[in-house]
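1. What shape does this take:
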Amino acid sequence: MSASFFALFDDIAVLAKAAAASIDDVAAGAAKASAKAAGVVIDDAAVTPQYVRGINPKRELPVIWRIARGSSVNKAIIITAIMLLSIWAPWVFPWMLLLGGSYLVYEGAEKVWHWIEAARGHAHEPSVEEVLERPESDEKQIVGSAVRTDLVLSAEIMLISLESIEADTWVMRLLILIAVGIAMTVAVYGAVALLVKMDDAGLWLMRRRAAAARRFGALLVHAMPGVFRVIGVVGVIAMLWVGGHLLIVNLHEVGVHPPYEILHAVTHAVHGPAALSWVVDSALSAVFGLLCGAVVVVLVSLAKRLLGRDRARGDGAGDGRGAARAADPGDADAGHL
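-> This is a model prediction of the structure:
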């Protein structure tokens with residue numbers, strides 16, 4: 001009896017060691033995968049703050065929480081999908097990334113167009129009163145747009161992570177992706193929450209007695225508008241860069257080689273440190289993304305106009321038929337009959 005009792009303890013110890021080793025493997029794999037996807041994570045952190053600009057400060061953290069919750073749902077769906085697709089249809093990944101890249105360059109090019117309109121005085125910037133009175137429907141639109149952009153960036157993060165995982169078993173790859181998804185969500189939206197409340201921290205410091213605290217608080221309050229403008233620009237550049245790179249690489253994967261070959265030839269022709277080659281690669285990817293995004297913006301605008309005309313014609317035809325029926329006494333008599 002005692003022998004079997006101690007044997008049970010031995011089995012538990014073996015299982016505990018195996019579990020600890022598995023946790024270590026998951027942590028190591030998640031750290032390596034996160035490092036590979038760090039560029040896209042930085043893009044995600046740069047893109048997100050621009051969505052909470054122009055909303056009531058009291059609503060900033062609730063909106064960020066709703067975006068983070070949507071991001072968690074995105075990652076759960078993406079992880080499930082790519083783990084299943086990695087078994088049955090891995091060929092679909094380039095096409096998914098092409099769609100995602102197209103959406104990113106569209107978002108980036110649309111914001112560049114908004115800057116141009118603002119510079120020409122045609123864009124409307126919300127006043128303080130409009131910000132404070134912004135309805136809940138606007139918040140839903142902000143959250144929806146941010147979650148859609150996050151869907152693309154999260155898919156890129158998860159796919160890059162999956163490619164860098166060296167685990168042999170399907171379950172271990174799944175656990176590592178889950179760990180990466182949780183870590184990325186906490187890191188990105190924790191950083192965003194800190195950024196958007198930094199000015200509130202500055203106001204709190206300005207009310208302290210210590211002169212140094214007041215000066216530092218004033219510095220924070222005055223610096224944050226400029227910080228957010230820089231973050232907005234970085235976010236748009238990031239969307240164009242990541243989206244353009246996705247298009248170039250995955251067009252090459254599906255058989256359209258010229259953009260990739262041109263990019264490859266130019267970056268290899270650059271003589272200098274690796275950082276310079278990376279800058280050239282990123283700049284060319286962003287330019288390609290801007291050009292493709294401009295084409296998508298034009299196509300979407302034309303589609304909206306055509307749909308608007310069709311609706312207007314439909315409404316006009318309906319109004320015409322209604323007016324004809326109202327003017328025809330025969331229809332009125334038939335109705336009485």
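2. wait, Val112 sits on Val287?
-> No. Contact between Val112 and Val287 fails when scored by Cβ atoms under 8 Å: they sit 11.7 Å apart. The C-beta positions use only the backbone N, C-alpha and C, and glycine is treated the same way.
3. neighbour-wise, which of these two wins?
-> Val112 (18 against 13; other Cβ atoms under 10 Å).
4. can you pull the contacts of that one?
-> Val236, Leu240, Leu290, Gly293 (Cβ atoms under 8 Å, 6 or more residues apart in numbering).
5. quick one: which of these is nearest to Leu246?
-> Leu240 (10.8 Å; Cβ to Cβ).
6. Of the contacts of Val112, which is the most crowded?
-> Among the contacts of Val112, Gly293 has the most neighbours (other Cβ under 10 Å), with 29 neighbours.
7. Please, which helix or strand holds that residue?
-> Gly293 belongs to helix 274-327 when assigned by DSSP states H and E.
8. sorry, back to before: list just the nearest of the contacts of Val112 to Leu247.
-> Gly293 (9.6 Å).
9. now that closest one: how far from Val279?
-> 21 Å (Cβ to Cβ, to the nearest Å).
10. for Arg208, phi and psi?
-> phi -80, psi 160 (degrees, to the nearest 10).
11. Look up the closest residue to it, ignoring the ones flanking it.
-> Nearest non-adjacent residue to Arg208, counting by Cβ to Cβ, 6 or more residues apart in numbering: Arg214, 6.2 Å away.
12. what sits against that neighbour?
-> Taking Cβ under 8 Å, 6+ apart, one finds Leu205, Met206, Arg207, Arg208 in contact with Arg214.
13. Weed out the non-buried ones from these.
-> Using 16 or more other Cβ atoms under 10 Å as the burial test, the contacts of Arg214 include Leu205, Met206 as buried.
14. From the contacts of Arg214, which one has the minimum pLDDT?
-> Lowest pLDDT of the contacts of Arg214: Arg208, 82.
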